[in-house]
Each structure stands twice: as C-alpha cells, then as structure tokens.
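**Student:** Based on what follows, work out the 3D shape:
(4 chains)
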2 protein chains.
Amino acid sequence: MALKRKGQEFRQHIVATANRLFYRRGYNQTSFTDIADAAEIPRGNFYYYFKTKDEILDAVVDYRLEGIRAMLAEWEASIPEPRDRLKRYVQILLNEERDILRYGCPMGTLNVELSKTQLVLQSRSREMFEVFFDWLKTQFLAMGCGRAARDHALHVLAVTQGVSLLTNAFEDGAFLRREAAKLKQWIDEI
Amino acid sequence: MALKRKGQEFRQHIVATANRLFYRRGYNQTSFTDIADAAEIPRGNFYYYFKTKDEILDAVVDYRLEGIRAMLAEWEASIPEPRDRLKRYVQILLNEERDILRYGCPMGTLNVELSKTQLVLQSRSREMFEVFFDWLKTQFLAMGCGRAARDHALHVLAVTQGVSLLTNAFEDGAFLRREAAKLKQWIDEI
DNA sequence: GTCTATATACGGATAGAC
DNA sequence: GTCTATCCGTATATAGAC
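**Tutor:** Sure thing, here's the model as predicted:
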C-alpha cells in the first residue's frame, strides 16, 4: 500500500514538472531530458508511467483541467454574484501578471502550438477553453443576458487571450492592467 | 549579371517557401528537409544563402515586414479617411478567415512560439507588431484621439489577436465575423 | 554556384539488469 | 518498480566534388 502510494506520488511529480516545463518552454521544445533533469529522476524511468510523450501531455491537460474546475467551484461557493464571479475571472490577469509577461497564457500558448501540426493533442487542450466558456456563459445567463450570453462568454475569452498575447509580446504590464480595468468596467455596464 | 539575378531569385524562392511553412507548421517544427522538399531544391544547397536556420527566419521576418509596409502604404494612398483605414485593418480578419481558422494569425502565432525559448528571434518578430502599432496609432491621432491613440492602437491589436486565437481554437468562423463587425462598430463610435 | 555525402548531436523510445 | 545502457531516426550543419 505504501509502495503503491509512492508510485502515484512519483507520477504526480512527473506531471507537475512536465506541466511547468510545457508552459515555460512549450510542448515540442521540452525534451524527456528536460523533464528528467527538472524532476531529478533518471531519464528512462518514467516510461513506466507514460508510454509516449503524448501521454504525458494528456496527463498534464487532465491535471490542468482538475485545477481549473476546482478553482471555478471555489468561486461558485465563495462569490454569490455572477457579475463578481466574472470580474474574478478577469482578476486572473492581474494575479498572474509576472508569468504572463514572460510566458503568455498557459492555455492560449499551448493551443497555438498544438493547432499547427498536432490536431489530436490540440483537441485535448481546447477542452480547457471549453470549461471556461461554459462557466462564463452560465454566469452571463444568470445575469439575464439570454441569447447574448454565448457571445459575451466568447468575447471575454478572446479579449483576455489577446491581452495576454500582447502583454507578452511587448512585455508591457501597464497595458495589461489598463485592459483588465476596461474589461471589468465593461462587465459592470452590462 | 543573369547568373547573379538567378541567385537572388533562388534566395527569394527559399524565403517565400520558408515563410509559408513557418506559418503552417511553426518555426521549430519546420525542418530544413521540409523547406528543401517544398521548394524542390537539394537539402544542403541553401547553406550557401543562409548559414543557420536563424538567418532564414531573419529573412522571413524581413520579407513579411516588407509586405506589411507595402500594404499599409497602399492603404494610405487609396483610403483617405483614417477611420476607413482602421476598418480596412479589421477587414483583414474577414479576408484571411480560412487561414486563421486553420493556422491562426501568422504574426501572433510566431511571436507566441518564439517568446518561450528564443527571445532573440522573438524581438525580431515583435517588429511586425510594432509596425502595425505605429500605423494604428497614427490613424487614431489623425482622428483626434490625442493621448488615447496609443491605448486604442494596442486595444485593436489585442482584440484582433484574441479573436484570431479563439477562432483558430474553436474553428468558429461565425465568431470571427461577429467580432470583426463589433470592432468596426467600435471604430465608428469613437 | 550547385549538389552529394556525411559529421555530429539529440530527439523519442526500448531492453533488460536489478 | 527503478534504473542503466543503448537503439534508431532525424535534426542542423559541414566538407568538398563538380
């Protein structure tokens, strides 16, 4: 029992390390050697847990989805007003400013990379967008936006993605803060 | 003289081919073999024109910058009103819908890729954003936006980038058309 | 200037000892 | 379950014949 638990921790350790590297270096630019070095485990070792590199990405996406769903559930529990929940979503930009400046959005940049030549993997990474989209739409529906809820949800996703991309490209934190404020104001005016 | 000219055409042919492949497959996922095959020239051949892969990207960025500057100059000459010029910029989204659906924005996706682990090359790709930014700002200034011109220019860049990214992620052309219309309307209301 | 053959390094993946 | 040694393919890049 103790041994099996250790094995699972081992696996989790690999996934968490790969997750960090896939964000910072990109998927294709992260080698097995990179992951092994960062996780401080022998190179050939994790083929016991993952037969191919694709499977590691699969596990990383599951790991991220779990984190996203837990975060959204926490917001649902602690923030009563849909409008405030939407603004909490925008707040991510400000909380993650440092990482966005350097590496962009984890979700957006992964999707951009995979959509070029790895469509099967891209469809997995798109699931993250879909989870956020469904949640955003639900909030707009709760605000009484009706048929516009879908458009609004996609709009918020697009603006946050565009802001992350430009913030990263120009290394401009002030721009990110201005646009986050504008988006919160837009939400308030609905 | 004829020989030299042939050499330059050879070089241009390589750059144009690399440009297309860098857009469709990404920079790191495009090999010399890919370029050689697509251009129908022997592999080792173009080391005569480019000593490293970096140099090919450099030439590709120059090639794109040339195209962007020519396009903007053409708009300046044929479209008298700054407001109409801005809407012409947004119109790119609609004209390039098919490619955006499949490969995203050439400028944005290249920047995302290079900003992870190739900062020197990223600073070159950022030049494309800067050319568009300067031009957009000039148009907003001509419309009398004053100090807001800078923010407006970055805003337009961010929205078009976000829309391209989401359109590609969800393969949703209708979303792109809706957002392009909204952005044109926003320009009209300034 | 053009092309072939090849050097060298590193990628993902495997075999099998322990 | 863990780790070492290694295979094989492909990557960028070079040497040198023509």
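
**Student:** Report the buried residues of stretch A:145-153.
**Tutor:** Residues of stretch A:145-153 classed as buried: A:145, A:149-153 (neighbour count, 16 or more other Cβ atoms under 10 Å in any protein chain shown). Any C-beta I mention is one placed from the backbone N, CA and C, and that applies to glycine too.

**Student:** Please tell me the pLDDT value assigned to the residue of chain A found nearest DNA strand D.
**Tutor:** Shortest chain A-to-DNA strand D distance, computed as Cβ to the nearest atom of the strand: residue-wise this is residue A:44, at 2.5 Å. pLDDT, residue A:44: 84.

**Student:** try residue A:169
**Tutor:** Looking at residue A:169, the pLDDT reads 98.

**Student:** what sits against the residue lying closest to it once chain neighbours are set aside?
**Tutor:** Distances taken as Cβ to Cβ, 6 or more residues apart in numbering or on different chains put residue B:111 closest to residue A:169, at 4.9 Å, once the chain neighbours are dropped. With contact set as Cβ atoms under 8 Å, 6 or more residues apart in numbering or on different chains, residue B:111 has these partners: A:165, A:168-169, B:122, B:125-126, B:128-129.

**Student:** One more: residue A:178?
**Tutor:** Counted by Cβ under 8 Å, 6+ apart, residue A:178 has contacts residue B:151.

**Student:** That one and residue A:94: what is the separation?
**Tutor:** 11 Å (Cβ to Cβ, to the nearest Å).

**Student:** returning to that earlier point: for the residue of chain A closest to DNA strand D, what are phi and psi?
**Tutor:** phi -70, psi -10 (degrees, to the nearest 10).

**Student:** so how far is chain B from it?
**Tutor:** The gap separating residue A:44 from chain B is 24 Å, by Cβ to the nearest Cβ, to the nearest Å.

**Student:** Equivalent analysis for residue A:113, please.
**Tutor:** According to Cβ to the nearest Cβ, residue A:113 and chain B sit 7 Å apart.

**Student:** Where does chain A get nearest to chain B, residue-wise?
**Tutor:** Nearest residue of chain A to chain B: residue A:162, at 2.5 Å (Cβ to the nearest Cβ).

**Student:** after the one helix or strand that residue maps to comes which helix or strand?
**Tutor:** Under the criterion of DSSP states H and E, residue A:162 resides in helix A:148-170. Next helix or strand after helix A:148-170 toward the C-terminus (DSSP H and E): helix A:173-189.

**Student:** Buried residues, that following helix. List them.
**Tutor:** Neighbour-count burial for helix A:173-189 [16+ other Cβ under 10 Å]: A:175-176, A:179-180, A:183-184, A:187.

**Student:** pLDDT (mean, whole number) over that helix?
**Tutor:** In this model, helix A:173-189 has an average pLDDT of 98.

**Student:** Run through the residues that contact residue A:16.
**Tutor:** With Cβ under 8 Å, 6+ apart, residue A:16 has these contacts: residue A:63.

**Student:** quick check: longest helix of chain A.
**Tutor:** helix A:53-78 (DSSP state H).

**Student:** contact partners of whichever helix or strand comes after that one?
**Tutor:** Downstream of helix A:53-78, the next assigned helix or strand under DSSP H and E is helix A:82-95. The contact list for helix A:82-95 (Cβ under 8 Å, 6+ apart) reads A:75-76, A:79, A:100, A:132, A:136, A:138-140, A:142-143, A:156, A:160, A:163-164, A:176-177, A:179-180, A:183-184, A:187-188, A:190.

**Student:** ditto for stretch A:52-71
**Tutor:** A:11, A:14-16, A:18-19, A:22, A:27, A:32, A:35, A:46, A:50, A:106-107, A:120-121, A:124-125, A:127-128, A:131-132.

**Student:** close to DNA strand C, is the helix or strand of chain A with the lowest mean pLDDT?
**Tutor:** Of the helices and strands making up chain A, the lowest-confidence element is helix A:2-25, at a mean of 84, by mean pLDDT, DSSP states H and E. No - contact of helix A:2-25 with DNA strand C (Cβ under 7 Å from any atom of the strand) is absent, the minimum separation being 10.3 Å.

**Student:** Right, I'll call it a day here.
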